[in-house]
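K.L.:
3D, please:
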Amino acid sequence: MEDRSLNSHDAPSPRGLEPVEWGATGLTVVLSVAAAATQQTILSAIAPLPLSLAVGLNLVSRKKLADQLQAFGQQQEAKMAELVASQGQQQSELANLTLALGRVRDRLEDLQQQVEKLSQGTQHLHDYTRILDTEQKELEQVLDCLREIEKNTQVIQVNPSHAKAYYNRGLTHQRLGDVEAAILDYTEAIRLNDTYAKAYHNRGVARSTVGDRKGAVEDLRTAAKLFFEQGDISSYQRARDLAKRIHEVGSIEQDNKELPLEILFS
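P.N.:
Prediction:
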């Protein structure tokens, strides 16, 4: 009787699980459902978080960007104000430089005018100096002539019969333009030496300048004759040509201005 019950207890029930196993299985199912519900709740709570976080971060970034843009705009406005102020200062400096340049240009024009005046003054001084040099040379020539006259006068005082001294003094008077005195000295030289061809020649030239045409032609013809006799052919031709010119024209005063004294008075 006891053996039969034990055997029936130990053998598995053909009808299904034992009550304990059923309990354990149910508990597992309950726990699984609870876990799933809990997980779903958690997921439902967590799911919106990334989008909200992104929106918040986007708002923060926009505010920061707006602040940066505002700061950048303020900096640009400050720089623009500095540039405007600098441009105004530069324009003021440019105006001052333009005014200074105008003054310098005016001063330069004044200096140029002064330089021109100085140049003209220098030219006038040069011309005046040249005139003084010419006058000085003429004065020296006059002094030389006066010394020559004095020297020949002294010779004549020592020897009144010195025909060449009279001739030389007459030549010097003629150089100085004192034609009358020259004629007197030439005449005295001819009186002392009636073959003095040069004295005849120069007295003929002197007589022509004072309008004595006849006397000039006679003296020059006599001088030509004496030059020819003495073998001075060039002087002969010159005296002859002058006599012919005076005879035809009446005077060689104009020609005298074109001929050197050394030729006329030789």
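
K.L.:
helices or strands up against whichever helix or strand D133 is part of?
P.N.:
Element membership of D133 [criterion: DSSP states H and E] is helix 49-158. Secondary-structure packing of helix 49-158 (3 or more CB pairs under 8 Å, 6 or more residues apart in numbering; DSSP states H and E): helix 163-176. No exception for glycine: its C-beta is placed from N, CA and C like everyone else's.

K.L.:
tell me the buried residues in the helix it packs on?
P.N.:
Neighbour-count burial for helix 163-176 flags 163, 165-176 (criterion: 16 or more other CB atoms under 10 Å).

K.L.:
in a markdown table: those residues, plus pLDDT and distance to R240.
P.N.:
A markdown table is the format used below for the buried residues of helix 163-176 (pLDDT from 0 to 100; distance: CB to CB, whole Å):
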| residue | pLDDT | distance to R240 |
| --- | --- | --- |
| A163 | 96 | 24 |
| A165 | 97 | 28 |
| Y166 | 97 | 25 |
| Y167 | 97 | 21 |
| N168 | 97 | 25 |
| R169 | 97 | 27 |
| G170 | 97 | 22 |
| L171 | 96 | 21 |
| T172 | 96 | 26 |
| H173 | 96 | 25 |
| Q174 | 94 | 21 |
| R175 | 93 | 24 |
| L176 | 93 | 28 |
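
K.L.:
can you list the low-confidence ranges for this protein?
P.N.:
1-57, 250-266 (pLDDT under 70).

K.L.:
from the centroid of it, which residue is nearest?
P.N.:
The centroid of the chain falls nearest to Q112 when counting by CA atoms, centre = their mean (11.7 Å).

K.L.:
pull the contacting residues for that one.
P.N.:
Going by CB atoms under 8 Å, 6 or more residues apart in numbering, Q112 touches no other residue.

K.L.:
just to revisit the earlier point, can you list the buried residues of helix 163-176 in a markdown table and add distance to R213?
P.N.:
Formatted as a markdown table, the buried residues of helix 163-176 follow (distance: CB to CB, whole Å):
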| residue | distance to R213 |
| --- | --- |
| A163 | 26 |
| A165 | 29 |
| Y166 | 24 |
| Y167 | 23 |
| N168 | 26 |
| R169 | 25 |
| G170 | 20 |
| L171 | 22 |
| T172 | 25 |
| H173 | 21 |
| Q174 | 18 |
| R175 | 23 |
| L176 | 24 |
